[in-house]
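> Okay, sequence plus prediction incoming.
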Amino acid sequence: MSKRLANIAWETFSALPLTEKTSFLMQSDGAPYHTLFAQQFDYALLDQLATLANEIRAIAKTRVGAEFLSQQVTHKRAMLYFSQPSSRTFLSFVSACQILGVQTGEVRDTAISSEFKGESREDSVRTFSSYFDLIIMRTPEKGLAEHMAWVLSNSDRPIPIINAGSGQDQHPTQALLDIYTLLRSFERGGGLRDKTVVFCGDLLRGRTVRSLSYLLTNYPNVRQLFVAPEPLQVGTDVLAILEQKGVPFARTDDFHAAIREADAVYMTRIQDEWDNAKGESAAIDTHRFKFGLDELALLPPRAIIMHPLPRRDEIVTAVDGDPRAMYWRQMRNGMWIRTALIAMTFGCEKRIHDYFRHNN
């Protein structure tokens, strides 16, 4: 477990720069204990996770292999605490737990929990830790997963937390599945080195963009282009990290020019659930930032189209049949990479590696 997090005051830990927090969240073998930030994952760890995910999906293709996987952590239980609406992320984590034999419980509506009676979220999470061995959290409240990781590490029953999306801040496991999708898409094309990734849509409020942009900095010479109307352009916090790491990037509103240069186009929807005033997002002209058949004709033959989903009208359904449209495979990849993350969190990756070597 993350013993070091139990030896630091919350006020001290919360005030640390994000890059200094990550060492408090890892196990002694370098695997994540709490998974809270994209910044926890360097090139080596991403490679380990992707390799483990590939082995798991290969093992799962046979009945005997699937039965082997389902016996790995049958003694563990996971609570899915989703106080923010979700379907893909929730079902992806449920499926990942089932693959490894982890039993699950869930709270998806705080109106049917004791929070309705006035219980604090802190007390709710402490309650969950009495019954479960892992908490997977999705919340609209920025920083809640981080705070609860510290609380549980300083409790009499410390258990790990996986951040499944926190406010407008981070969505680290979405970024993991995005990287995994990119790696699989370009494994015959030189990997992620020297690629251009175009982000388009609501880049200011999209936590998936923030997390993926950081993970891409682990790969050599990956250029990042941010395409959006000015009110939705990527935040200066993201750009500051890219500048610090010497990553080539540009901001633009010329979507068609960016598509011609792209190896991957990462589309996002308008995040109007974060509007400060009703109709705020609707007042922004976004018609030039949608992907249709005209845009498809501009896309290089070996490039791919991604989307974290759900989508609205930012990608027309006529694009779905093109082999470059990767978002449905991207979604399935989420199940495999989250299975690998849970396996690593519970320390059963060596058994999986050994089984794969002996049976493949």
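Okay, I see it. Numbering: from 1, shown residues only.

> C-alpha from now on. contacts and neighbour counts both.
Will do.

> residues near His130, how many?
To be clear, residue 130 is Ser; His isn't right here. 12 (other Cα atoms under 10 Å).

> Return the backbone torsion pair for it.
phi -70, psi -20 (degrees, to the nearest 10).

> Would you confirm that Ala149 contacts His34?
Yes - using Cα atoms under 8 Å, Ala149 is in contact with His34, at 6.8 Å.

> got any residues that touch both of these two?
Pro160, Ile161 (Cα atoms under 8 Å, 6 or more residues apart in numbering).

> show me where the stretch 101-250 of the chain has strands.
Listed in chain order, the strands found in the stretch 101-250 of the chain under DSSP state E, counting those that start in this stretch are 103-107, 134-139, 161-166, 196-200, 223-227, 249-252.

> Please list the residues outside the second one that contact it.
When you say that, I think you mean strand 134-139. 76-84, 128-129, 145, 159-167.

> Also the first one?
In this structure, residues lying in contact with strand 103-107 by Cα under 8 Å, 6+ apart are Thr74, Lys76, Arg77, Ala78, Met79, Leu80, Tyr81, Phe82, Ser83, Val94, Cys97, Ser113.

> Please pick the buried ones from those.
Neighbour counting with 16 or more other Cα atoms under 10 Å marks Lys76, Arg77, Ala78, Met79, Leu80, Tyr81, Phe82, Ser83, Val94, Cys97 as buried within the contacts of strand 103-107.

> of all those residues, which two lie farthest apart?
Farthest apart among the buried ones among the contacts of strand 103-107 by Cα to Cα are Lys76 and Ser83. That separation is 22.4 Å.

> before we move on, the earlier item: using JSON lines, lay out the buried ones among the contacts of strand 103-107 together with pLDDT.
Shown next, in JSON lines, are the buried ones among the contacts of strand 103-107 (pLDDT from 0 to 100):
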{"residue": "Lys76", "pLDDT": "97"}
{"residue": "Arg77", "pLDDT": "96"}
{"residue": "Ala78", "pLDDT": "96"}
{"residue": "Met79", "pLDDT": "95"}
{"residue": "Leu80", "pLDDT": "94"}
{"residue": "Tyr81", "pLDDT": "92"}
{"residue": "Phe82", "pLDDT": "90"}
{"residue": "Ser83", "pLDDT": "83"}
{"residue": "Val94", "pLDDT": "96"}
{"residue": "Cys97", "pLDDT": "97"}
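
> taking those one by one, which sit in helices?
Among the buried ones among the contacts of strand 103-107, DSSP state H puts Val94, Cys97 in helices.

> which ones among the buried ones among the contacts of strand 103-107 are found in strands?
In strands, defined here by DSSP state E, the members of the buried ones among the contacts of strand 103-107 are Arg77, Ala78, Met79, Leu80, Tyr81, Phe82.

> Wait, the last one touches Arg108, no?
In other words, Phe82. Yes - when contacts are counted by Cα under 8 Å, Phe82 is listed as touching Arg108 (4.7 Å).

> any idea how far Phe356 lies from Tyr43?
Remark: distance between Phe356 and Tyr43 (Cα to Cα, to the nearest Å) = 23 Å.

> Settle it for me: which of these two has more neighbours?
Legend: neighbour count by other Cα under 10 Å for Phe356 and Tyr43, higher for Phe356 (17 against 12).

> In terms of secondary structure, what does the helix or strand hosting the more buried one contact?
Counting by DSSP states H and E, the element that carries Phe356 is helix 349-359. If contacts are counted by 3 or more Cα pairs under 8 Å, 6 or more residues apart in numbering; DSSP states H and E, helix 349-359 sits against helix 43-59.

> quick one: the helix it packs on to helix 349-359, angle?
On the basis of axes from the mean of the first three to the mean of the last three Cα atoms, to 10 degrees, helix 43-59 is oriented at 50 degrees to helix 349-359.

> what about helix 43-59, average pLDDT?
Throughout helix 43-59, pLDDT has a mean value of 97.

> Contacts for that helix, please.
31, 65-66, 69, 176, 180, 218-219, 336-337, 339-341, 349, 352-353, 356.

> got it, and stretch 344-360?
Contacts for stretch 344-360 (Cα under 8 Å, 6+ apart): 31-33, 52, 55-56, 59, 69, 72-73, 160, 340, 343.

> lowest average confidence, helix or strand, in this protein?
helix 121-131 (a mean of 84; mean pLDDT, DSSP states H and E).
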